[in-house]
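> no sequence on this one, just coordinates:
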């Protein structure tokens with residue numbers, strides 16, 4: 001799913017990256033231009049990057065966003081790590097405001113509709129940082145394998161963002177780039193006695209996938225290569241930046 005680009009758009013990109021465990025999603029954010037993290041989960045111990053203290057409520061997240069919007073700073077990238085843990089904070093606030101223990105105890109799906117209102121409030125804050133403070137937005141999410149009901153074929157499993165469907169759809173619609181990060185895996189069939197055994201093999205190479213395939217959701221508005229090597233030295237940022245007008249016009 002490669003979307004058309006508007007050449008005159010010189011705003012910084014809004015990136016959503018998700019993938020398998022320990023593939024390097026947080027490292028991706030830490031190698032972006034002058035980043036600061038809003039942590040909704042405790043997972044930055046091995047990463048040298050500025051961050052706010054671990055957020056324990058949605059109101060605290062909004063407070064951090066407010067500081068970035070109003071106070072003097074030189075940060076060029078906001079990294080939210082991760083959106084599925086942020087979703088837990090949003091659901092907790094909705095449950096508290098409605099005097100229930102869990103959001104699904106609010107009947108007829110009303111709790112999840114209320115959550116979308118808070119997500120929109122959060123995205124409005126991100127847009128302000130992008131539009132008024134010239135900050136690139138990176139949102140990190142985990143992946144899960146879910147059944148995909150394709151109206152044109154039989155249903156099949158695919159990697160999707162580990163969030164409620166409506167919230168996931170909203171964040172994907174908001175994003176200019178949706179990256180799926182994964183190790184390369186191949187399937188090898190071996191003869192074992194009178195039967196064949198299927199074994200997964202891999203080289204350990206990692207890739208950022210930018211275009212949708214049956215196995216995962218991805219997409220971008222900038223004509224990025226379908227696969228970008230997700231190497232340890234961060235060279236992928238040069239590939240990404242070379243396709244984005246915001247970076248190519250910084251000298252104007």
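Alright, I've got the coordinates. Model, not experiment: these values are computed from the prediction.
> Please make it C-alpha for all contacts and neighbour counts, starting now.
Noted.
> I'd assumed residue 144 was in a strand, is it?
Yes: assessed by DSSP: H, G, I helix; E, B strand; the rest coil, residue 144 belongs to a strand.
> which sections of this structure are below the confidence cut-off?
Within the chain, the stretches with pLDDT under 70 are 1-9, 45, 185-203, 250-252.
> Show me where it has its strands.
Remark: strands assigned in the chain by DSSP state E are 14-19, 35-39, 50-51, 77-81, 136-148, 156-161, 177-183, 186-192, 195-201, 206-209, 219-220, 227-229.
> what helices or strands is the fourth one leaning on?
For strand 77-81, the packing partners by 3 or more C-alpha pairs under 8 Å, 6 or more residues apart in numbering; DSSP states H and E come out as strand 35-39, strand 136-148.
> List the buried residues of the first one.
When burial is assessed from 16 or more other C-alpha atoms under 10 Å, strand 35-39 yields the following buried residues: 35, 36, 37, 38, 39.
> Please work out which of the helices and strands packed on strand 77-81 is packed deepest.
Among those, strand 35-39 has the highest mean neighbour count (mean count of other C-alpha atoms under 10 Å), at a mean of 22.
> Relative to residue 230, how far out is residue 124?
Applying C-alpha to C-alpha, to the nearest Å, the value for residue 124 to residue 230 is 30 Å.
> So the two - more neighbours on which side?
In terms of neighbours (other C-alpha atoms under 10 Å), residue 230 is the more surrounded of residue 124 and residue 230; the figures are 22 against 12.
> In contact with the closest residue to residue 128 other than its chain neighbours, which residues?
In space, and not counting its chain neighbours, residue 128 is closest to residue 69: 7.2 Å by C-alpha to C-alpha, 6 or more residues apart in numbering. Going by C-alpha atoms under 8 Å, 6 or more residues apart in numbering, residue 69 touches 128, 129, 133.
> I'd like to know how far residue 69 sits from residue 78.
Distance from residue 69 to residue 78, by C-alpha to C-alpha: 11 Å.
> Then residue 107?
Note on residue 107: its distance to residue 78, by C-alpha to C-alpha, is 35 Å.
> Over to residue 60?
Counting by C-alpha to C-alpha, the gap from residue 60 to residue 78 is 15 Å.
> Residue 146 is in contact with residue 155, correct?
No: using C-alpha atoms under 8 Å, residue 155 is not in contact with residue 146, being 10.2 Å away.
> closest one to residue 236 among the strands of the chain?
Nearest of the strands of the chain to residue 236, taken as C-alpha to C-alpha: strand 227-229 at 6.5 Å.
> Can you report how many residues lie near the nearest residue to residue 118 once chain neighbours are set aside?
Once flanking residues are discounted, residue 118 sits nearest to residue 90: 7.0 Å by C-alpha to C-alpha, 6+ apart. If you count neighbours by other C-alpha under 10 Å, residue 90 ends up with 24.
> same thing with residue 209?
25.
> in the sheet, who's paired with it?
residue 180, residue 227 (DSSP bridges).
> if I pick it, what's in contact with it?
Contacts were defined as C-alpha under 8 Å, 6+ apart; by that measure residue 209 touches 179, 180, 181, 218, 226, 227, 228.
> out of these, which are buried?
For the contacts of residue 209, a burial check counting by 16+ other C-alpha under 10 Å picks out 179, 180, 181, 218, 226, 228.
> so how far is residue 230 from residue 19?
For residue 19, the distance to residue 230 - C-alpha to C-alpha - is 12 Å.
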